[in-house]
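> Have a look; sequence and predicted model below, questions after that.
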Protein chains: 2
Amino acid sequence: MAMQRTPLLMSRLVDRGATLAPDAEIVTATADGTRRQTLATTRDRAHGLAHALAAAGIRPGDRVGTFMWNGSRHLEAYHATAGMGAVLHTLNIRLSAADLEYIIGHAEDRLIIADADTLALLGTLAGRIPCVERVVVAVEPGFEDWSTDVADAIDYEDFIADQPRRYAWPELDETAPLGLCYTSGTTGNPKGVEYEHRSQYLHTMAQCMTDSMGLSATDTLLGIVPMFHAMGWGLPWSALMLGCKQVMPHRFMNPERLVALMASERVTVSAGVPTIWQGVKAFVEANPDAYDLSALSRVTCGGSAPPPSLIRWFNEALGVEMIQGWGMTETSPLATLSRRHMKHKHVGLSLDEQFDNVAKAGLLMPGLELDIFDEDFNRLPHDGETVGEILVRGPWICSEYYRNPQPDRFHDGWLLTGDVGKIDPEEYLVIADRSKDLVKSGGEWISSVDLENHIVALDGVAQACVVAQPHPKWDERPVALVVLDADAAVDAAGILAHCATQFAKWQLPDDILFVDSIPLTSTGKMDKKIVRGELDAEGYVLPDLRLVGQEGAT
Amino acid sequence: MAMQRTPLLMSRLVDRGATLAPDAEIVTATADGTRRQTLATTRDRAHGLAHALAAAGIRPGDRVGTFMWNGSRHLEAYHATAGMGAVLHTLNIRLSAADLEYIIGHAEDRLIIADADTLALLGTLAGRIPCVERVVVAVEPGFEDWSTDVADAIDYEDFIADQPRRYAWPELDETAPLGLCYTSGTTGNPKGVEYEHRSQYLHTMAQCMTDSMGLSATDTLLGIVPMFHAMGWGLPWSALMLGCKQVMPHRFMNPERLVALMASERVTVSAGVPTIWQGVKAFVEANPDAYDLSALSRVTCGGSAPPPSLIRWFNEALGVEMIQGWGMTETSPLATLSRRHMKHKHVGLSLDEQFDNVAKAGLLMPGLELDIFDEDFNRLPHDGETVGEILVRGPWICSEYYRNPQPDRFHDGWLLTGDVGKIDPEEYLVIADRSKDLVKSGGEWISSVDLENHIVALDGVAQACVVAQPHPKWDERPVALVVLDADAAVDAAGILAHCATQFAKWQLPDDILFVDSIPLTSTGKMDKKIVRGELDAEGYVLPDLRLVGQEGAT
């Protein structure tokens, strides 16, 4: 033995920020303002919560559910469970009752910490989640009169009130479980991804690299991505380790509130999905001088790819660098990242070239391996044209699902991501689509993402969603659902003409459907499963099939 | 198993830069200019070197010595041995023949890669290092006519010429040995520190954090700290992983050459010991407009503490941030770091306050534990005043010496660093001294480092070195050796008056000795062992003891 055998436990990282920066603030949005506490208080309360959980019978390895927005008590739950060795099972509060019932039962959550305003939702599960012995209720102003019959319930403050403020974090094996997050697939039950201390420890270090999100202790972080989703992209861990000031939006997710929080708290870095940033853009465009966003320097966009026009707008209108990240619940989640300068040779790039790079999913994080493969698992060339399924492996990549291994999602140590993409000669990953969202037309693939990004760049278009519709001759054909701005002077012909400047004729949508909104998934992505289902339910038929039908009738 | 069990091997990191940035340059200084090759070429040659080493019988775990300056072939040796699982034993070319003989024999180096210009030095070991089967000679322009009788020798280029350019790096245990570096203590034989894949992997990730040295792929790095010292502070690994442009000074270590290299290669970040930076300062002050250093943004200073006046000069004269690092061979080496802004609350600090912080050894790197202890291993308060021995532990801290465990240097899983210091209420570590360099006077400790930093801040003083001299009444008393600038108008009384503004009377040096230079150790620190030895050899007596002698004689 030459070097110390220190296990890579999150308990070694989560207390660090509070030690170095005890006065840094944790700010939580409330109905009429903010709640504030220091990082030292957060640490002390987290140690108290760990004692309370232990007193309630929670042992290392036991699952503790959270049914919470982003807020200081959710952060304390992260901190406490990581320290004591319990498993934080973040429940997505936007899931259906059936999915929640399945997930809670499958994980055997023994205790759930819930925000009081979510109790109505949780209440629909009364009598259906017998494994849950106790509910600890985190009460924000206005919800003091909560009640629930889901399980024996106690106010969070009463739960931790008399507990000691120092917990001697136990030594665990570094591969001990840390967290659990379920991902909802297109078919079958949701599948659980179990995070380990070692995997999140390494992910945290990678996330804090300069060429990653460039996180620093001097940052003020607004994590908009829900902490119930893929460990909040790792941001709670990184910020606890560094000692950042953190701002948490809780349930107040509308664009104006987010923009106001960024301004009043002098937020320097934020993270969310494209729909969040599109909302911010729309709000700022409509209210250009309402708030001072001069402190903001970077926003990370993940979950799905931001349109290039959005990346450019953030730079031009706000002087803010948009960073694109790609990953998924199974990848902890960061796998690739794209910033304006990622290589030594990039220093002299033009702005246009920088934006082109950020529009790609990015370069692989250190320590991971990634490649594109054909259906027989042959590696494909990195020519920027060949499209294949993306496989990834490394120390923070899932190796099987929780109590449901799903060996067909893995191959020879690699995770099959379900995304298809290409890799260009500069080693940038470009996501073509989720494999289920690609449009297969006449034996060729059409990327719905490429069409959407192009359409949404047109003035007057707010959102675009391209889905496949069945076609007897071509197999599938693309249809675009488009949301217009209020005062837009755009019609279907104009959109098609705009697409024709970039795409081949056979790649153009067969139809443009103007809609008021696009349904979103529980994680804020466009829900194409719902879109396809709705088109199906209303008996939608492609235009040329309607003609065929008429011709056949004559 | 929930996450993939990917071992943390350096082979997963060293090829990354060449994949992402194949065109980034590795620039090596030569007698009359530079040699240049791309990172892709460096990788290909490193894979070829690994094949050549394997063909020469080197197996995973075997020690390969290097006796080299910083240059592209030394980097290839790092890359090749890390990939194939051999152990890179970096030999300090400034050590005595006796130490080298001991080290090479103790490590059982089977092969040594040596720069041709060092062969004369290595030649003094002929017949004394029988374990060495082969010497591979790296030839820079002007040294084509090399010869050696140390062992069977071959030109590096011939050695790798016909080898394949892809080596399938083996899967090893992550705690497999990676490198070996001996540290010369004050007593006994040098002691070997064995680095492991896992420890350097984690060190590399930590070094690339924003709040660490802020290294980025976009940087051009000039590592002045020798690659034979503590894995070159980890910089070769980080730069290979990121894909930085690297500039290597080889044997051309004089200040003008270094400054010229920084200017012509547009170096953005550099790293070296205080004497290097003092030399750069002296050169730039004497030649203020000779070179354009506008690209330079940060220099890291380690090995010993930079005087605050030097930190301030780099900012004021060059607009360069000096980053202080503290560590040692046994800590891989980074343990603490100090930058101008290290906490959220630092954003509003005045420049003076920023410089005060950088003058401290810094804040602990994530993942490590550090504290100060009394002689009975009780933890001491973090009050900024109490001084104790610094103990450190964590995943890149040595747990025993190579084939020479030295259990008295470890306690309960902690490394005893041999440095003494204090920790202030902001958790900054402040090094008081090496425990052997503290001056013990009348039961109180006087920090030689504090006195030196204060003296060197005086106009006209180029260097100051404070050592203890024996005293029958006080035990020890401090004496200052001072090197003056050419045109300095400073005398001993002036220096003592300057010290009296800051230090108590009993802390003032008993004597000021003006000298032409201070001897340096093989790693560029002031060699107080030599200074004390020379004073002893010349029969130096403290002034008041001379008086006592005269009084006794009367």
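Good, I have the coordinates.
> So which residues on the stretch 301-450 of chain A come close to chain B?
Applying C-beta under 8 Å from any C-beta of the partner chain, we find that the stretch 301-450 of chain A lies next to chain B at A:332, A:341-347, A:363-364, A:366-367, A:369, A:393-400, A:402, A:413, A:415, A:426-427. (Each C-beta comes from the backbone N, C-alpha and C, glycine too.)
> of those residues, buried ones?
Buried members of these, scored by 16 or more other C-beta atoms under 10 Å in any protein chain shown, are A:332, A:341-346, A:363-364, A:366-367, A:393-400, A:402, A:415, A:426-427.
> In strands, which of the residues of the stretch 301-450 of chain A next to chain B appear?
A:363-364, A:369, A:393, A:415 (DSSP state E).
> Just send the residues you listed back as JSON lines, with pLDDT too.
Output for those, formatted as JSON lines (pLDDT from 0 to 100):
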{"residue": "A:363", "pLDDT": "97"}
{"residue": "A:364", "pLDDT": "97"}
{"residue": "A:369", "pLDDT": "98"}
{"residue": "A:393", "pLDDT": "97"}
{"residue": "A:415", "pLDDT": "97"}
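> helix/strand/coil for residue A:65?
With DSSP: H, G, I helix; E, B strand; the rest coil as the basis, residue A:65 sits in strand.
> In contact with it, which residues?
A:89-91, A:104, A:107, A:109, A:111-113, A:132 (C-beta atoms under 8 Å, 6 or more residues apart in numbering or on different chains).
> The same query, at a cut-off of 7 Å, please.
Residue A:65 is in contact with A:89, A:91, A:104, A:109, A:111-112, counting by C-beta atoms under 7 Å, 6 or more residues apart in numbering or on different chains.
> Give me the distance between residue A:1 and residue B:183.
For residue A:1, the distance to residue B:183 equals 18 Å [C-beta to C-beta, to the nearest Å].
> if we take the contacts of residue A:65, which one ends up nearest to chain B?
residue A:89 (12.9 Å; C-beta to the nearest C-beta).
> Would you check that the closest one makes contact with residue A:63?
Yes. Counting by C-beta atoms under 7 Å, residue A:89 touches residue A:63, with 4.6 Å between them.
> Find residues that contact each of these two.
Contacts common to residue A:89 and residue A:63, judged by C-beta under 7 Å, 6+ apart, are A:107, A:109, A:180.
> will you turn the residues you listed into TSV that also has secondary structure?
Output for the shared contacts of residue A:89 and residue A:63, formatted as TSV (three-state DSSP):
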residue	secondary structure
A:107	helix
A:109	coil
A:180	strand
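> Are any of the residues you listed buried, and if so which?
Buried among those by 16+ other C-beta under 10 Å: A:107, A:109, A:180.
> Rebuild these as CSV, extending it with pLDDT and distance to residue B:388.
Formatted as CSV, those follow (pLDDT from 0 to 100; distance: C-beta to C-beta, whole Å):
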residue, pLDDT, distance to residue B:388
A:107, 98, 47
A:109, 98, 46
A:180, 98, 43
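> With distance to residue B:493 added, can I get those in a markdown table?
Listed next are those as a markdown table, based on distance: C-beta to C-beta, whole Å:
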| residue | distance to residue B:493 |
| --- | --- |
| A:107 | 77 |
| A:109 | 77 |
| A:180 | 72 |
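> and which of those residues is nearest residue A:537?
Within those, distances to residue A:537 taken as C-beta to C-beta reach their minimum at residue A:107, with 32.6 Å.
> dump the residue contacts of that closest one.
Here residue A:107 is in contact with A:63, A:89, A:180, A:192 (C-beta under 7 Å, 6+ apart).
> Looking at these, state which has the most neighbours.
The most neighbours of any of these, using other C-beta atoms under 10 Å in any protein chain shown, belong to residue A:89, which has 30 neighbours.
> Now do the same for that residue: its pLDDT.
On pLDDT, residue A:89 comes in at 98.
> Quickly note the distance from it to residue B:479.
Distance, residue A:89 to residue B:479, by C-beta to C-beta: 66 Å.
> Could you do residue A:244 as well?
Residue A:244 is 47 Å from residue B:479, by C-beta to C-beta.
> Of those two, which one has the most company?
Neighbour count, other C-beta under 10 Å: between residue A:244 and residue B:479, residue A:244 has more, with 28 against 23.
> ok, now which ones touch residue A:435?
Here residue A:435 is in contact with A:389, A:418-420 (C-beta under 7 Å, 6+ apart).
> can you list contacts of stretch A:285-296?
The contact list for stretch A:285-296 (C-beta under 7 Å, 6+ apart) reads A:259-260, A:262-263, A:266-268, A:318, A:320.
> actually stretch A:162-170, not the one I typed
For stretch A:162-170, the external contacting residues (C-beta under 7 Å, 6+ apart) are A:11, A:44, A:47-48, A:50-52, A:60, A:83-85.
> among those, which ones are buried?
The buried subset of those - by 16+ other C-beta under 10 Å - is A:11, A:44, A:47-48, A:50-52, A:83-85.
> which of those lies closest to residue B:470?
Out of these, the member with the shortest distance to residue B:470 (by C-beta to C-beta) is residue A:11, at 48.3 Å.
> Isn't that closest one up against residue A:81?
No. Look at residue A:11 against residue A:81 with C-beta under 7 Å: they stay out of range, at 10.2 Å.
> Please identify which pair of the ones in strands among the residues of the stretch 301-450 of chain A next to chain B lies farthest apart.
A:363 and A:415 (18.4 Å).
> for the stretch 151-300 of chain A, what spans make up the strands?
Under the criterion DSSP state E, counting those that start in this stretch, the stretch 151-300 of chain A contains strands at A:152-155, A:177-183, A:191-196, A:220-223, A:245-248, A:269-272, A:298-301.
> the bottom helix or strand of chain A by mean pLDDT?
helix A:543-553 (a mean of 63; mean pLDDT, DSSP states H and E).
> Not counting its neighbours along the chain, what's nearest the residue in the stretch 1-150 of chain A positioned nearest to chain B?
Minimum separation of the stretch 1-150 of chain A from chain B (C-beta to the nearest C-beta) falls at residue A:2, amounting to 3.5 Å. Closest residue to residue A:2 apart from its sequence neighbours, by C-beta to C-beta, 6 or more residues apart in numbering or on different chains: residue B:194 at 3.5 Å.
> per-residue pLDDT, the one you found?
pLDDT at residue B:194 comes out at 98.
> Might one say that it is in contact with residue B:178?
No. In this structure, residue B:194 is not within contact of residue B:178 by C-beta under 7 Å, at 8.2 Å.
> contacting residues around whichever residue of the stretch 101-250 of chain A sits closest to chain B?
Proximity of the stretch 101-250 of chain A to chain B (C-beta to the nearest C-beta) peaks at residue A:194, 3.5 Å away. Going by C-beta under 7 Å, 6+ apart, residue A:194 touches A:177, A:180, A:402, B:2.
> Just send the residues you listed back as CSV, with distance to residue A:486 too.
Formatted as CSV, the contacts of residue A:194 follow (distance: C-beta to C-beta, whole Å):
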residue, distance to residue A:486
A:177, 49
A:180, 43
A:402, 46
B:2, 48
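> from those, which is closest to residue A:312?
Nearest to residue A:312 among the contacts of residue A:194 is residue A:180, at 38.2 Å by C-beta to C-beta.
> Any idea what the closest one is bridged to?
Beta bridges link residue A:180 to residue A:89, residue A:194, judged by DSSP bridges.
> Distance-wise, check it relative to residue B:196.
Distance from residue A:180 to residue B:196, by C-beta to C-beta: 31 Å.
> again, but for residue A:200
Residue A:200 sits 22 Å away from residue B:196, taking C-beta to C-beta as the criterion.
> and residue A:533, what element?
helix A:528-537 (DSSP states H and E).
> Show residues contacting that helix.
Helix A:528-537 is contacted from outside by A:186, A:437, A:465, A:467, A:469, A:481, A:518-519, using C-beta under 7 Å, 6+ apart.
> what's the closest of the residues you listed to chain B?
Lowest distance from chain B to those (C-beta to the nearest C-beta) belongs to residue A:186, with 22.6 Å.
> circling back to that earlier point, what number of residues lie near the residue of the stretch 1-150 of chain A closest to chain B?
Neighbours of residue A:2 under the rule other C-beta under 10 Å: 19.
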